[in-house]
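K.L.:
quick one, what's the 3D model for this:
(one chain, ligands or ions: 2)
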Amino acid sequence: MRVHSLHLKQYRNINELTLQCQETLHFFVGANAQGKTNILESLYVLGMGKSHRSRTHKELIQFGKESAQLQAQVVKGTQKMKLSITLTEKGKKVSRNGIEQTKLSHYIGSLPIVLFAPEDLSIVKGSPQVRRRFLDMEIGQVSPAYIHYLTQYNKLVSQRNSLLKQLAQKKSHPSLLTVINEQLISLACEIWFRRFRFLISLQKWAQEIHQAITQQTDELVVKYVPSVKLSVEMKKEELAQVMEAELAKVMDKEIQRGTTLVGPHRDDLNLTVGGIDLHTFGSQGQQRTAALSLKLAEIELIYHETGYYPILLLDDVLSELDDQRKTHLLESIKGRVQTFVTTTSLDGIDPVLLQQSKVYQVKQGI
Ligand code: ATP
Ligand code: MG
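P.N.:
Ligands and ions are numbered 1, 2, ... in the order given. Sure, this is the predicted structure:
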């Protein structure tokens, strides 16, 4: 995938911008609050149909203006596409090659994106919920079936929780729970099955990338921590048996608490480097490198699933990495993946690499 040009109008603090960006590596350099992230965000919006840091699209329209426009010419193999998004007070119009796309799910995939932003540190530092969301988002990008099963599963869990509360008040019959359990087990197995398969590839790529960035022998290990005693090697039938037995075991407790205590919605990931738990003991730089390795692993996964490399957006990542890690990070993606980087300073970046890149100074949205 390549973005050949980007055109923005009245987008955040950028009044008008046209970029010809056929090169592989692009740096946006400038002081704080100048518009660097805004440019990266616009590419994310063109790929995903929404921003990663705003809940409403209205925030993206320049203050005092009525609309914003984003356009990109992208190339996917031999296929050329024109992507365009217009934002107004009333809503959002997304089109591809001049044809309006009413379903975002049909549009996503036109420009696959992997973004690494400062807030992604929470994949390591944050709660299990953040790690589950990471898993779900990343698997969802390559497996629509996964999104389907997950949506069904989450709905069922909330229905089941209501039923558990009714059972506590003796307002319902336990036989209903047996029916729901059967469906729950079946969906849980579909989710686990896909998460495990994904994790095997993720682990492999993340480990290699982590090694390339750190140049150290300490291995990054990503382990799935299930809420029931499962192992990633189990077949679907075995997973179902374990879940069934576990649900029987915790039934009284679940009724007492009115909530579903086991299943994919209660699982977690554990990240270690050289056997040391990063969540508890990792330095900021170590945590960032691990989170970054997971995100970069997603690039390889998307490539292997779709045959195309996504676009990589690196927002403010370099400042937290030492010079060696910076160089190895940029070297590891050089040439293959079109990358857009924001930074407040180019210090510590290999001058040879800079010569082969396009560097833009960003000042007050210009
Ligand atoms: P940092 O180095 O601090 O991350 P940055 O260059 O990435 O800075 P941006 O996040 O791109 O900065 O934001 C630049 C400016 O855009 C901010 O000062 C912000 O107030 C402004 N801004 C945000 N939304 C809008 C909008 N809708 N209209 C006009 N300006 C906006
Ligand atoms: Mg920024």
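K.L.:
lowest-scoring secondary structure element of the protein by mean pLDDT?
P.N.:
Every helix and strand of the chain was ranked by mean pLDDT, DSSP states H and E. The lowest is helix 104-107, at a mean of 81.
K.L.:
once you drop chain neighbours, what's closest to the residue in the stretch 101-250 of the chain positioned nearest to ligand 1?
P.N.:
Nearest residue of the stretch 101-250 of the chain to ligand 1 (C-beta to the nearest ligand atom) works out as P118 at 8.2 Å. To be clear about C-beta, it is placed using only N, CA and C from the backbone, and glycine gets the same treatment. Counting by C-beta to C-beta, 6 or more residues apart in numbering, D316 is the residue found nearest to P118 once chain neighbours are left out, at 5.3 Å.
K.L.:
isn't that neighbour right up against T37?
P.N.:
Yes. With contact defined as C-beta atoms under 8 Å, D316 and T37 form a contacting pair (7.3 Å).
K.L.:
what touches both of those two?
P.N.:
Listed as contacting both D316 and T37 by C-beta atoms under 8 Å, 6 or more residues apart in numbering are A117, T342.
K.L.:
got the residues of the stretch 251-366 of the chain near ligand 1?
P.N.:
Residues of the stretch 251-366 of the chain lying near ligand 1 by C-beta under 6 Å from any ligand atom: D316, T342, T344.
K.L.:
tell me which of those fall in strands.
P.N.:
T342 (DSSP state E).
K.L.:
ok, and the most crowded of the residues of the stretch 251-366 of the chain next to ligand 1?
P.N.:
T342 (27 neighbours; other C-beta atoms under 10 Å).
K.L.:
hey, what's that residue bridged with?
P.N.:
Taking DSSP bridges as the rule, T342 bridges to F28, D315.
K.L.:
list the contacts of it.
P.N.:
T342 touches F27, F28, V29, K36, T37, I39, L40, L314, D315, D316, counting by C-beta under 8 Å, 6+ apart.
K.L.:
can we see that at 7 Å?
P.N.:
T342 makes contact with F28, K36, T37, L40, D315, D316, according to C-beta atoms under 7 Å, 6 or more residues apart in numbering.
K.L.:
next, format those residues as JSON lines and append pLDDT.
P.N.:
Shown next, in JSON lines, are those (pLDDT from 0 to 100):
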{"residue": "F28", "pLDDT": "98"}
{"residue": "K36", "pLDDT": "98"}
{"residue": "T37", "pLDDT": "98"}
{"residue": "L40", "pLDDT": "98"}
{"residue": "D315", "pLDDT": "96"}
{"residue": "D316", "pLDDT": "93"}
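K.L.:
which pair of these spans the longest distance?
P.N.:
The largest distance within these, taken as C-beta to C-beta, falls between F28 and D316 and amounts to 10.3 Å.
K.L.:
isn't H7 up against Q71?
P.N.:
Yes. With contact defined as C-beta atoms under 7 Å, H7 counts as touching Q71 (4.3 Å).
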